[in-house]
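Participant: Predicted model and sequence follow; I will ask about them next.
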Amino acid sequence: MSEKFDVIVVGAGPAGYVAAIRCAQLGFNTACVDKWQDADGKPSLGGTCLNVGCIPSKALLDSSEKVEQASHDFENHGISVGKVSVDVPKMIARKDDIVGNLTKGIAGLFKANKITSLHGHGKLLADKQVEVTLDGKSQTYSADKVILAVGSEPIDIPVAKVDNEIILDNAGALDINAVPKKLGVIGAGVIGLELGSVWNRLGSDVTILEAMDTFLAPVDKQLSREAQRTFTKGQGLDIKLGAMVTATKTAKKSVKVTYTLKGEEHTETFDKLIVAVGRKASTQNIAADEVGLKLDDRGRVDVNDRCETNIPGVYAIGDAVKGPMLAHKGSEEGVFVAEIIAGQKPHMNHDNIPWVIYTHPEIAWVGINEEQAKEQGINYKTGFFPFAANGRSLAMNEKGGRVKMIADAETDRILGVHILGPNASELISEAVLAMEYSASTEDIARTIHGHPTLSEAMHEAALSVDGRALHKVN
Ligand code: FAD
Ligand code: NAD
């Protein structure tokens, strides 16, 4: 007889491990299966986010930002440090330490919550049985409920095959052990901009080849235009829009990239090339054919608004299902499903998920942007406040960016908030909370914000919707 659990979660990324913890908190006998291995072949929980995603990229973004400040910003404060040198292997080792701490932390949380951690590839069989395979050996477990949280993996393109020596995916791009002189990036999306920024700050000459003609299509136009100017003219990233890579040829230490731009063919040689053209759900071999698990047209597990699949008692969450591929979205779905299984009536507002791009300045938004308001025929009004007029921002030597607010013209309800600026990642939470409470701009305008803080820019943007910002001409 196979060992039986109340719930088996397949995948221990931010969606799966959070689902497992919440299930255990709710009193379910829970197991979590995960196949991730570290460089030594040991299990490493936390999925893409902890191992090769959110956390390691932010560790390197933080280190490289310090290099940038010491090299270019300290002098503005009257601080001389001479020529700044960088020990890349030490920087990478610091990043690995953080990853190690956090992934071990998940193992500790599993132990504390009495979650059975199973290492190997999990596959859904009939009758909610899960087969776990490691090194060719399989064992089958069964459960009342199964949660599939198998995550995502980089999309690869035939013209640039990843070898993680010269042509790198996001994992390889986080482990470069010397600053490449010339770095190419395919894709000016979130990963391209974040990792392009890291290596640009460390001294690489970075060229980003983006197929689309628009820069950061999901971002409000006013902000994306200013961001593009800052990243190119201000920071020296060479972002080529409308560039289609047609061929790559790797040599021992370089790669020749051919691309077309405005009908002309160009060739450039890079020391390393990062491919960051999006991610796809990791749904291969997650269910036996006879189970009949339904996938959607993009290969994601097909789920309804309760994260239920077409198989009764089987749920799916995180990057493997519809919606933005973000860690906090997956985690929230994990809690949501655990509470549904417990018979509760949880709430998850998919319209109110914040996005953050950790460039400098950061870009963060929630809700709809102005272009979407127009497309949807909404009668809207806007307000904004520039960080150049915010005292705290100037004290930090941060002069660019703005907070922009979009509200319903009749009800004043906030529909979207868009921030380009320092600590946008933290500031956006106020907007998310306000929108969760269906707040109006008047609510934020009447809320007292500490002085001097960056959050005063949020306050002023709300005042500006009503033409009464205090520290700018309306
Ligand atoms: P994953 O994190 O992909 O985890 C899935 C887990 O399931 C993995 O451990 C995988 O090995 C395992 N698995 C898959 N199939 C099986 C199977 N059959 N059996 C057993 N185990 C299996 N998001 C943010 O919100 N903020 C950020 O700053 C951010 N930065 C990012 C930076 C980079 C470079 C990348 C690549 C991604 C970033 N993301 C960020 C996205 C974020 O990492 C994902 O949205 C998040 O990890 C998705 O969580 P998940 O649990 O659904 O899947
Ligand atoms: P992305 O969708 O953000 O960007 C991919 C970019 O590549 C797009 O601009 C697309 O037009 C372009 N592209 C596609 N095919 C191309 C081609 N053949 N040639 C040139 N350009 C091409 O994807 P990503 O940057 O790979 O990141 C994947 C996902 O991971 C993100 O969408 C996001 O969900 C998540 N992520 C989030 C964060 C964060 O929250 N800060 C950070 C990194 C990744």
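Facilitator: Happy to help now that I have it. Numbering: from 1, shown residues only. Ligands and ions are numbered 1, 2, ... in the order given.
Participant: For my notes, confirm Leu183 occurs in a strand.
Facilitator: Yes. If the criterion is DSSP: H, G, I helix; E, B strand; the rest coil, then Leu183 is within a strand.
Participant: pull the longest strand from the chain.
Facilitator: If you go by DSSP state E, the chain has its longest strand at strand 137-148.
Participant: pLDDT below threshold where in this structure?
Facilitator: 1 (pLDDT under 70).
Participant: quick check: domain ranges of it?
Facilitator: Using automatic domain parsing, the domains assigned to the chain come out as 3-153+280-350, 167-277, 361-465.
Participant: Between its first and last residues, how far does the second one reach?
Facilitator: For domain 167-277, the first and last residues are 13 Å from each other (C-alpha to C-alpha, to the nearest Å).
Participant: same check, this time on the first one
Facilitator: End-to-end distance of domain 3-153+280-350 (C-alpha to C-alpha): 36 Å.
Participant: Likewise for the shortest one?
Facilitator: Domain 361-465 stretches 23 Å from its first residue to its last (C-alpha to C-alpha).
Participant: Checking that domain against ligand 2, do any of its residues make contact.
Facilitator: No. Judged by C-beta under 6 Å from any ligand atom, domain 361-465 stays clear of ligand 2, getting no closer than 8.5 Å. In short, each C-beta sits where N, CA and C put it, glycine included.
Participant: quick one: buried residues of stretch 165-174?
Facilitator: Ile166, Ile167, Leu168, Asp169, Asn170, Ala171, Gly172, Ala173, Leu174 (16 or more other C-beta atoms under 10 Å).
Participant: What is the burial count for Lys4?
Facilitator: Residues near Lys4, counting by other C-beta atoms under 10 Å, number 14.
Participant: That one sits in which helix or strand?
Facilitator: Using DSSP states H and E, Lys4 falls within strand 3-10.
Participant: Against which helices or strands is that strand packed?
Facilitator: helix 14-25, strand 30-34, strand 121-125, strand 137-148 (3 or more C-beta pairs under 8 Å, 6 or more residues apart in numbering; DSSP states H and E).
Participant: quick one: it to chain centroid distance?
Facilitator: Relative to its parent chain, strand 3-10 has a centroid offset of 29 Å by C-alpha atoms, centre = their mean, to the nearest Å.
Participant: what are the pairing partners of that strand, and which direction each?
Facilitator: strand 30-34 (parallel), strand 137-148 (parallel) (DSSP bridges).
Participant: Relative to Gly234, which of those is closest?
Facilitator: The closest of the strands paired with strand 3-10 to Gly234 is strand 30-34. By C-beta to C-beta, the value is 41.3 Å.
Participant: Give me the distance between the residue of the stretch 301-450 of the chain found nearest ligand 2 and ligand 1.
Facilitator: In the stretch 301-450 of the chain, the residue that lies nearest ligand 2 is Met325 (3.3 Å; C-beta to the nearest ligand atom). To ligand 1, Met325 is 4 Å away according to C-beta to the nearest ligand atom, to the nearest Å.
Participant: Was I right to think that residue contacts Arg279?
Facilitator: Yes. Met325 is within contact range of Arg279, at 5.7 Å (criterion: C-beta atoms under 8 Å).
Participant: Overlap of the contact sets of those two?
Facilitator: Ser152, Asp319 (C-beta atoms under 8 Å, 6 or more residues apart in numbering).
Participant: Do you have the helices of the protein handy? List them.
Facilitator: Assigned helices in the chain, in chain order: 14-25, 47-52, 54-68, 88-112, 170-173, 190-201, 221-229, 327-341, 370-375, 391-395, 424-436, 441-445, 456-465 (criterion: DSSP state H).
Participant: hey, which of those is tucked in deepest?
Facilitator: Highest mean neighbour count among the helices of the chain (mean count of other C-beta atoms under 10 Å): helix 14-25, with a mean of 28.
Participant: Would you tell me whether that helix gets close to ligand 1?
Facilitator: Yes. Residues of helix 14-25 contacting ligand 1 under C-beta under 6 Å from any ligand atom: Pro14, Ala15, Gly16.
Participant: quick check, nearest of those residues to ligand 1?
Facilitator: The closest of the residues of helix 14-25 next to ligand 1, once distances to ligand 1 are taken by C-beta to the nearest ligand atom, is Ala15, at 3.4 Å.
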